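Colleague: Next come a sequence and a model predicted from it.
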Amino acid sequence: MFILQDMDYYFSHFPVLETERLILRAKTATDAEDMKTYMAEENLYKYWGRNMTRQEREPSLFFGRTLNNGKKDHISWGIELKKNHRLAGEVNLFNIENDRQAMIGYRISAAYQNMGFVTEALRRVIRFCFEETGVQRL
């Protein structure tokens, strides 16, 4: 079991998680077009807690710089649908405190909402946190 303090481990051995219908994996530059389908939807930012950034308007900009600006303070999984290998959204583990608690956020394209994909992804990420890391509170 690794603790979240060892983020270097997770960035060198990114935790790919799988469910019946999904693969939760690192996002790559080839995902930029799929990312645009959910990142550029204005209505998603109503509850996101901030306005859309320039990179979110044009996701390819995420890949023209160092991943996470060199920071290793969160894990961001792309939600890939097994049936068509499209990226439908993302789940983020962030605000990691004392290596024992963290927050989870997510966003998914309107085209894939109300189909149970987020529930399925969150259940898998939560299981990962409690079974494979030292997280005790989410």
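Modeller: Structure received.
Colleague: Please name the strands paired to the strand ranked longest in the chain in the sheet, noting orientation.
Modeller: The longest strand of the chain (DSSP state E) is strand 87-97. With DSSP bridges as the test, strand 87-97 is paired with strand 75-81 (antiparallel), strand 101-108 (antiparallel).
Colleague: what about the first one, average pLDDT?
Modeller: Going back to what we said before, that points to strand 75-81. Throughout strand 75-81, pLDDT has a mean value of 94.
Colleague: Could you export the longest strand of the chain as CSV, CA atoms only?
Modeller: Only the C-alpha atoms of strand 87-97 are listed here, as CSV (Å, rounded to 0.1, in the frame of the first residue of the first chain):
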residue,chain,number,x,y,z
LEU,A,87,-13.1,10.0,-23.4
ALA,A,88,-16.4,11.0,-21.8
GLY,A,89,-15.1,13.0,-18.8
GLU,A,90,-12.7,12.9,-15.9
VAL,A,91,-12.4,12.1,-12.2
ASN,A,92,-9.9,14.1,-10.1
LEU,A,93,-8.4,13.3,-6.7
PHE,A,94,-7.2,16.6,-5.2
ASN,A,95,-6.7,18.7,-2.1
ILE,A,96,-4.7,15.9,-0.5
GLU,A,97,-4.1,16.7,3.1
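Colleague: Determine how far that strand lies from the middle of the whole chain.
Modeller: 4 Å (C-alpha atoms, centre = their mean, to the nearest Å).
Colleague: What ranges does the protein have for its helices?
Modeller: 7-12, 32-39, 54-57, 117-132 (DSSP state H).
Colleague: CSV for the ones you listed, including distance to residue 23 and mean neighbour count?
Modeller: Where you see a C-beta, it was placed from the backbone N, CA and C, and this is true even at glycine. Converted to CSV, these look like this (distance: least, C-beta to C-beta, whole Å; neighbours: other C-beta atoms under 10 Å):
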stretch, distance to residue 23, mean neighbour count
helix 7-12, 17, 13
helix 32-39, 13, 19
helix 54-57, 22, 14
helix 117-132, 10, 16
